[in-house]
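J.: Any chance you can model this:
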Amino acid sequence: MLRVFVDGKAVDVARGATLLDAVRAADAALADAVAAGTRAISDSRGLVVPPGGLVSAGTVLRVVSARARRADDAAGGNPATA
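T.: Residues are numbered from 1 along each chain as shown. Modelled structure (predicted):
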């Protein structure tokens with residue numbers, strides 16, 4: 001098991017879990033919002049990351065407005081979402 005942090009909440013997920021899996025472990029409703037595209041996941045630096053990315057031990061995530069993702073995409077500033 002890997003310990004990760006979602007919006008300040010510590011959760012344990014299995015190796016191979018995705019970022020969306022980690023959000024789901026912390027809050028299923030937030031994970032549903034990410035899957036629906038109304039929310040997005042950002043890393044500890046505030047950069048929006050793809051929900052299918054893999055977690056590693058100690059990963060720090062925040063669930064943010066999907067507007068942040070759209071702004072990054074429009075600016076071409078976040079290659080992680082390409």
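J.: Going along the chain, name the helices of the chain.
T.: Secondary structure of the chain, counting by DSSP state H: helices at 19-26, 28-36, 66-75.
J.: residue contacts, Ala10?
T.: By Cβ atoms under 8 Å, 6 or more residues apart in numbering, the contact set of Ala10 is Arg3, Val4. Quick note: C-beta positions are derived from backbone N, CA and C, even for glycine.
J.: I'd like the distance between it and Ser65.
T.: Remark: distance between Ala10 and Ser65 (Cβ to Cβ, to the nearest Å) = 23 Å.
J.: now Ala14
T.: Taken as Cβ to Cβ, the span from Ala14 to Ser65 is 28 Å.
J.: between these two, who's got more neighbours?
T.: Using other Cβ atoms under 10 Å, the more surrounded residue of Ala14 and Ser65 is Ser65, with 13 against 10.
J.: how far away is the more buried one from Ala57?
T.: Distance of Ser65 to Ala57, given as Cβ to Cβ: 27 Å.
J.: Equivalent analysis for Pro51, please.
T.: According to Cβ to Cβ, Pro51 and Ala57 sit 19 Å apart.
J.: Those two: which has the busier surroundings?
T.: Comparing Pro51 with Ala57 by other Cβ under 10 Å, the one with more neighbours is Pro51, at 20 against 10.
J.: Contacts only, for that one.
T.: Contact partners of Pro51, counting by Cβ under 8 Å, 6+ apart, are Thr18, Leu19, Leu20, Val23, Val34, Ala35, Ala40, Ile41.
J.: Find the nearest non-adjacent residue to it, please.
T.: Leu20 (3.9 Å; Cβ to Cβ, 6 or more residues apart in numbering).
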